[in-house]
Each structure stands twice: as structure tokens, then as C-alpha cells.
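Peer 1: what follows is a predicted structure for the sequence shown.
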Amino acid sequence: MRDSTRNIINNSKPAHAVDHNLVPELSFEGLLVEKRPAKRRDGTVAEGLYNMWITLNNPAQYNSYTTEMVKGVILAFRAASNARDVNAVVFTGAGDKAFCTGGNTKEYAEYYAGNPQEYRQYMRLFNDMVSAMLGCDKPVVCRVNGMRIGGGQEIGMAADYSVAQDLANFGQAGPKHGSAAIGGATDFLPVMIGCEQAMVSGTLCEPFSAHKAYRLGIVSQIVPALKVNGEFVANPMAITDQMLDQYGRIVHGEFKTGDQAKAAKELMKTGEIDLSLLDQAVEDLCAKLIETFPECMTKSLEELRKPKLDAWNRNKENSRAWLALNMMNEANTGFRAFNEGNREVGREIDFVALRQALAEATPWSQELIESLMPGKEG
Ligand SMILES: CC(C)(COP(=O)(O)OP(=O)(O)OC[C@H]1O[C@@H](n2cnc3c(N)ncnc32)[C@H](O)[C@@H]1OP(=O)(O)O)[C@@H](O)C(=O)NCCC(=O)NCCSC(=O)C1=CCCCC1=O
């Protein structure tokens, strides 16, 4: 640091800085919160300054967030927002498989299913988590270390920037698993990618590649993560070397099919995943952010977040109430199906059988729910 600035700090800083945090400790099950030294653009450490890394640490369940983790994320963002020495927040997940696949379906199925008043309280926390991100005084970078699905995609889109490793898939899960993507996706997607693509993503629940997410504008940067024979290669599962098909339709970022997909899977097996380029890209972004005026940065964030924040604030309370009541029937059925199913029998209900029952005005009952579970046909 410059000597002249150091002297002024020593002579004029208050004897005690007030602590604005709500809790003194940031230690939560399933969450890592740490300050990592911030760097300048030339790579040197900016002494006394940090980036706050908030890591969802539940990799065995694809970093899905439990109620306890949600509480931790709220407080961690609040702490990052208050921390005078924090430049940016890096929000990520442990490992290289998933950033986050949303709410913890085990907890949903085993505790919240059929318990709407409990889920309403949970949704207060969930809403506060998204609001804590959108209200954070520091820029929020989502380090997309792996798939970002369901509520994972929603909290990811609440970040200001997303930088992804290119093997990560993106998408919603709600209508397949008994929910609606109203934890942010229906608010953010139309603003971020337009109404038509938002409709496709929010209703059909078909995952898409990082290259497509980049093309649509959900992420600002992607980097390769697969190393084959020591060289980084683009995600082999996605088409990355062609923009249009013979009819002029965009194919860049679409998943390969047939023999090409089989060959891509084989190639994947020969490689290893290396997230060093992702970390470099995140560091580079944080370094760009640190070389700005802090209050001008915060004001810019506040203004540029408004399209997302306005939509979120307009809908979040109604969404909470609807999601709570939905825990009585469709969520009760869908999350149980995911939790109790497996690769062999599948993890989704028989949607047509449900629609057939409802077409005959059949009321919801426990028996109806049981009859729809995967592996129960016949
Ligand atoms: C598509 C998937 C994300 C990935 O599929 P695949 O690669 O085939 O892996 P799986 O075998 O399915 O999963 C591997 C293991 O991880 C467990 N897992 C995955 N996701 C979750 C989760 N969200 N919670 C708990 N556990 C999870 C899975 O059970 C496997 O473990 P096992 O021991 O059985 O081997 C696919 O995994 C998937 O679709 N996941 C669920 C996505 C989902 O439905 N998320 C919840 C959406 S709803 C939501 O998030 C909401 C947020 C707030 C508002 C309301 C709301 O609904």
C-alpha cells in the first residue's frame, strides 16, 4: 500500500468500527464461508482485501440446499454485504458435478410434503435467500462449477454474473417434479433471455448446455473443463463447431445425438475434469471489479439489478403462498416420486395417469398419489 495512504488511515480511522452483522459466527452445516485474498488485475494480492467465497457443500446430493443451508446463505450474503474489506462474493458449489440442483428433494419429500404451513415458513427463508443476493452491496459472481438445475438455476440467476465450466448443464425441473419455477426463474428468465425461451425452459424442463446458456445470455463467460491427453477440449457432448444446420437453424450448443453422442461419452471417459480455467476466469473477473470505485460499483449494481428485482418483488409473496399449498398435492406427489424412485424405475410419476384421473374429476387422495409413483404401474 502507498505510505501516504497508510499514514492517513492510521491517523483517521475510528478506534472501533461498528459491527453490523446479525450473528457473530458464520458456521453452518453444509456451507463453507471463507474470505480469500483479493487480487489486482496484474495478479498481485491487494493486501487487506478479500473476496468472500460462499460454497454449497452437499456434493453427494448435488449441492441441493437444505433448510439449514438456506439460513446460512442468507447470513453469509448479509455478512459479505457488510464486510468493509470484501470486494466481491463468489457463490459456488463443492466439487465438479453440480453448482446446485435446487431444494433438497429428500427433505421436501420426507418433511415438507403434505405440510404446507411448514413449507410456507421454509419459503420465507428461500425468499430471503434470493433477496439477500439481490440486495448484496457487493457484486455477486456465480462460479458455475457444475450443473445448475431447478432452484439452483434460480439462485444462480440471482447472481450478477455467471461464469461456467462448459460441462455444466442448466435448466428447470419444477413441472416434472411437482413444482413451478417461481423461486426466481419465472421472474428472471423473461428478463434475461426473452419470453419465448423462458417459456421453453420454465415449462419443458429440458436441460441445456453451457454453450447454449452462453448464447442465450444466462452466463457471461464459459471455459473448458475437460482435459484429454493434457489438453483442454470443449464439452464434447455439445455441438460447438457449427452454428447452423442445413436449414439455417441454430445448432450451436445443442446436445449431440446418436453416434456422435456415443462417441462424445467415450471421449469424456478418457478425460479428467480440471477447474483451473474456471478459477482463473473468476479471479480475473473479481480483479476487474476491485479496480473500480466501490460506491459507484454498488450503485451500478442496484440500478442494473432492477429488472430482476422488480419482477421478483412483484411476485415473491404470492409465489410463497402458492408453493406452500401446492405441497398438498402435486409437490407431495412429485418430490416423493423423485425421492423414492431410482434409475431403474424412474423418478417421475405417470403424468398421463394423473391427467386421466383429473379428467374424470377424481379428487386428490393418498391412494391416488400412491398409484402414480414410479414402479407402481399395473
Ligand atoms: C437432473 C438431475 C439434476 C441430475 O440427474 P443425474 O445426473 O441423473 O443424477 P441423479 O442420479 O438424479 O442424482 C445424483 C444424486 O444426487 C441426488 N440429488 C440430485 N438432486 C437432488 C436434490 N435436489 N435434492 C436431493 N438430492 C438430490 C440424487 O438423489 C442422487 O442421489 P442417490 O443417492 O439417489 O444416487 C437430477 O438429479 C434432478 O432432477 N434432481 C432434482 C432436481 C429438483 O427437482 N430440484 C428441486 C426443484 S424445486 C426447487 O428447487 C424449488 C426452489 C424454491 C422454490 C420452490 C422449488 O420448488
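Peer 2: Okay, I see it. Quick caveat, the model's predicted, so the values are computed rather than measured.

Peer 1: what about residue 51, which helix or strand?
Peer 2: strand 45-56 (DSSP states H and E).

Peer 1: for the next helix or strand after that strand, packing partners?
Peer 2: The helix or strand immediately downstream of strand 45-56 is helix 67-82, counting by DSSP H and E. Applying 3 or more C-beta pairs under 8 Å, 6 or more residues apart in numbering; DSSP states H and E, one finds that helix 67-82 makes contact with strand 31-39, strand 45-56, strand 86-93, helix 116-134. (C-beta placed from N, C-alpha, C; glycine too.)

Peer 1: quick one, the last one and strand 86-93 angle?
Peer 2: Okay, so that is helix 116-134. Interaxial angle, helix 116-134 versus strand 86-93 (axes from the mean of the first three to the mean of the last three C-alpha atoms, to 10 degrees): 140 degrees.

Peer 1: neighbouring contacts of the very next helix or strand once past helix 116-134?
Peer 2: With elements assigned by DSSP H and E, the helix or strand that comes after helix 116-134 is strand 140-144. Contacts to strand 140-144, defined as C-beta atoms under 8 Å, 6 or more residues apart in numbering, come from residues 77, 88-92, 99, 133, 148, 156, 158-165, 168, 210, 219, 278-279, 282, 285-286.

Peer 1: and residue 206, how close does it get to residue 196?
Peer 2: Going from residue 206 to residue 196 by C-beta to C-beta, to the nearest Å gives 14 Å.

Peer 1: neighbour count winner among the two?
Peer 2: Neighbours per residue (other C-beta atoms under 10 Å) separate residue 206 from residue 196, with residue 206 holding more: 12 against 9.

Peer 1: what about the strands in this structure?
Peer 2: 31-39, 45-56, 86-93, 98-100, 140-144, 147-149, 161-165, 170-171, 221-223, 226-228, 231-233, 272-273 (DSSP state E).

Peer 1: quick one: average pLDDT of the second one?
Peer 2: Summarised as a single mean, pLDDT over strand 45-56 is 98.

Peer 1: so what's residue 222 up against?
Peer 2: Taking C-beta under 8 Å, 6+ apart as the test, what residue 222 contacts is 163-166, 210-211, 213-214.

Peer 1: ok, residue 256 next?
Peer 2: 236-239, 264.

Peer 1: any idea which of those residues is closest to the ligand?
Peer 2: When these are compared for distance to the ligand (C-beta to the nearest ligand atom), residue 237 comes out closest, at 12.4 Å.

Peer 1: pretty sure that closest one sits against residue 261.
Peer 2: Yes. Using C-beta atoms under 8 Å, residue 237 is in contact with residue 261, at 6.8 Å.

Peer 1: hey, what's in contact with both of those two?
Peer 2: By C-beta under 8 Å, 6+ apart, the residues touching both residue 237 and residue 261 are residue 255.

Peer 1: who has more neighbours out of the two?
Peer 2: residue 237 (20 against 13).

Peer 1: mind listing what the more buried one touches?
Peer 2: Counted by C-beta under 8 Å, 6+ apart, residue 237 has contacts 167, 209, 255-256, 261, 264-265, 268.

Peer 1: could I get the residues you listed as JSON lines with distance to residue 119?
Peer 2: JSON lines is the format used below for those (distance: C-beta to C-beta, whole Å):
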{"residue": "167", "distance to residue 119": "33"}
{"residue": "209", "distance to residue 119": "32"}
{"residue": "255", "distance to residue 119": "34"}
{"residue": "256", "distance to residue 119": "39"}
{"residue": "261", "distance to residue 119": "38"}
{"residue": "264", "distance to residue 119": "40"}
{"residue": "265", "distance to residue 119": "38"}
{"residue": "268", "distance to residue 119": "38"}
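
Peer 1: please check the residues you listed and keep the buried ones.
Peer 2: 167, 209, 255-256, 264, 268 (16 or more other C-beta atoms under 10 Å).

Peer 1: which of the residues you listed fall within helices?
Peer 2: 264, 268 (DSSP state H).

Peer 1: for the protein, which helix is longest?
Peer 2: helix 306-326.

Peer 1: any residue of it up close to the ligand?
Peer 2: Yes. Counting by C-beta under 6 Å from any ligand atom, contacts between helix 306-326 and the ligand involve residue 323.

Peer 1: for residue 45, which residues count as its bridge partners?
Peer 2: residue 39 (DSSP bridges).
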